[in-house]
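Trainee: Pasting a predicted model and its sequence here:
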Amino acid sequence: MDEPGDVPVDVVVWRAPGPASFPEAAARYAELRSSPLGAFEPAVAAFVRELRQTSPDPSSPVSWEEALTVGVDAVIVHVVWPGRRQVLELVALLASRHGLVCFEPARQVAMS
C-alpha cells in the first residue's frame, strides 16, 4: 500500500539492451524527455498494446492515453494514480515480458 501524499512519478521503458549504469539511464531519460514523438519500435508497440488492455485505476478520469509519452523506441509512463506502487509493478512486469528496460528516475532504479 502506498503512503499518503503519493506524488506522480515517471517510468521510462525502452528496447534492450539497456543501460549499464544509472548515469546512462538518466541520460537516456533526459534525451527521451526532449525528443519528438515518433513511430513505435515493435517491442515497444507490443508493450503499449498490452499496457492499454489493463486499467490503471478504474475510478480515475486519467487514462493510459493521457499518461503515455511515446517516442520512436521508448515510452515515458507518467504514473499519476494513487496506489502507484501497483502501477509501477505492472509497468515493470510488462516491460520485462517484452524484453524492455524499465527505469524509474525518482528512485534511480533501472531494471531489465
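Mentor: Thanks, I have it. Numbers count the residues shown, from 1 in each chain.
Trainee: only C-alpha atoms for contact and neighbour calcs from this point on.
Mentor: Noted.
Trainee: show me where the chain has helices.
Mentor: Ranges of helices in the chain, per DSSP state H, are 22-34, 42-52, 64-67, 84-97.
Trainee: Pipe those helices into CSV and attach mean neighbour count and mean pLDDT per row.
Mentor: As requested, the helices of the chain are arranged in CSV below (neighbours: other Cα atoms under 10 Å; pLDDT from 0 to 100):
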stretch, mean neighbour count, mean pLDDT
helix 22-34, 15, 76
helix 42-52, 17, 87
helix 64-67, 14, 81
helix 84-97, 18, 88
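Trainee: okay, the ones you listed in TSV with distance to residue 8 next?
Mentor: Converted to TSV, the helices of the chain look like this (distance: least, Cα to Cα, whole Å):
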stretch	distance to residue 8
helix 22-34	16
helix 42-52	18
helix 64-67	10
helix 84-97	8
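Trainee: closest to residue 14 out of those helices?
Mentor: Distances from residue 14 to each of these were compared using Cα to Cα; the minimum, 6.7 Å, belongs to helix 42-52.
Trainee: So which elements touch the closest one?
Mentor: The helices and strands touching helix 42-52, judged by 3 or more Cα pairs under 8 Å, 6 or more residues apart in numbering; DSSP states H and E, are strand 9-15, helix 84-97.
Trainee: Any idea which of the helices of the chain gets closest to residue 107?
Mentor: Taking Cα to Cα as the measure, the helices of the chain were each checked against residue 107, and helix 22-34 came out nearest at 10.3 Å.
Trainee: Other residues contacting that closest one?
Mentor: By Cα atoms under 8 Å, 6 or more residues apart in numbering, the residues outside helix 22-34 that reach it are 12, 18, 19, 71, 74, 76, 103, 105, 108, 109, 110.
Trainee: Understood, closing this out.
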